[in-house]
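*Asks:* Sequence first, predicted coordinates after that:
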Amino acid sequence: MNEKDTPDLDSFPVIAKGKKYEDFTLDQTMAHHWGRTLTQADNVAFSTATCAWLPLHLNVEYARSQGHRDMVVNPMLVLCTAVGLSVEDLSESGGPFLGIDDCVFLRPVYPGDTITARSRVVAMRTSASKPGVGIVTWHTTASNQHGEPVVELVRTNLVAARGDAPSNPNGRKDLA
């Protein structure tokens with residue numbers, strides 16, 4: 001490739017993605033994009049890559065012998081999918097992930113099920129120890145194509161502020 005064929009990367013504008021702390025409000029609800037159909041191949045690849053050898057996730061006949069209509073999609077794949085569906089709306093700007101709490105798997109997911117997700121802001125505050133950063137917590141529910149909830153979780157991230165966020169109203173120094 002000669003110099004003439006090399007793109008001028010400096011001519012491409014940098015476009016910031018993701019929301020800032022000020023873009024969220026308490027009780028704000030977001031329906032995440034169109035969803036994801038989980039296939040048997042997704043399930044087998046995820047289960048074997050993570051060394052999750054439970055026959056329920058890898059053996060149709062075993063799953064049927066346990067009362068299921070098909071092999072059950074590994075719940076950790078369902079959780080990862082639910083979080084992944086929410087990234088564009090919640091954490092795409094890249095703030096550190098602080099964890100998941102209160103994760104409950106509500107019903108099995110089978111190959112061919114399409115998972116969609118919704119999140120609601122349940123808590124938010126500015127950081128007492130990190131200026132210019134907020135802490136946002138969301139309650140996310142993922143459902144199957146029948147509208148039946150399959151997993152619920154509470155997720156927290158640090159989220160960068162634009163720089164004009166108010167100071168922490170509770171003044172606590174014991175929290176991040």
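*Replies:* Arrived safely. Numbers count the residues shown, from 1 in each chain.
*Asks:* Mind jotting down where the helices sit in this structure?
*Replies:* 40-49, 55-58, 60-65, 75-90 (DSSP state H).
*Asks:* how about those in a markdown table, adding mean pLDDT?
*Replies:* Formatted as a markdown table, those follow (pLDDT from 0 to 100):
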| stretch | mean pLDDT |
| --- | --- |
| helix 40-49 | 98 |
| helix 55-58 | 97 |
| helix 60-65 | 98 |
| helix 75-90 | 96 |
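*Asks:* With mean neighbour count as extra columns, can I get the ones you listed in CSV?
*Replies:* Yep, even glycine has a C-beta here, placed from its N, CA and C like the rest. Putting the helices of the chain into CSV (neighbours: other Cβ atoms under 10 Å) gives the following:
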stretch, mean neighbour count
helix 40-49, 15
helix 55-58, 18
helix 60-65, 14
helix 75-90, 19
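*Asks:* closest one to Thr29 among those helices?
*Replies:* Among those, the nearest to Thr29 by Cβ to Cβ is helix 75-90 (10.3 Å).
*Asks:* about what we covered before: for the helices of the chain, give me a markdown table that also has distance to His32.
*Replies:* Listed next are the helices of the chain as a markdown table, based on distance: least, Cβ to Cβ, whole Å:
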| stretch | distance to His32 |
| --- | --- |
| helix 40-49 | 18 |
| helix 55-58 | 25 |
| helix 60-65 | 28 |
| helix 75-90 | 4 |
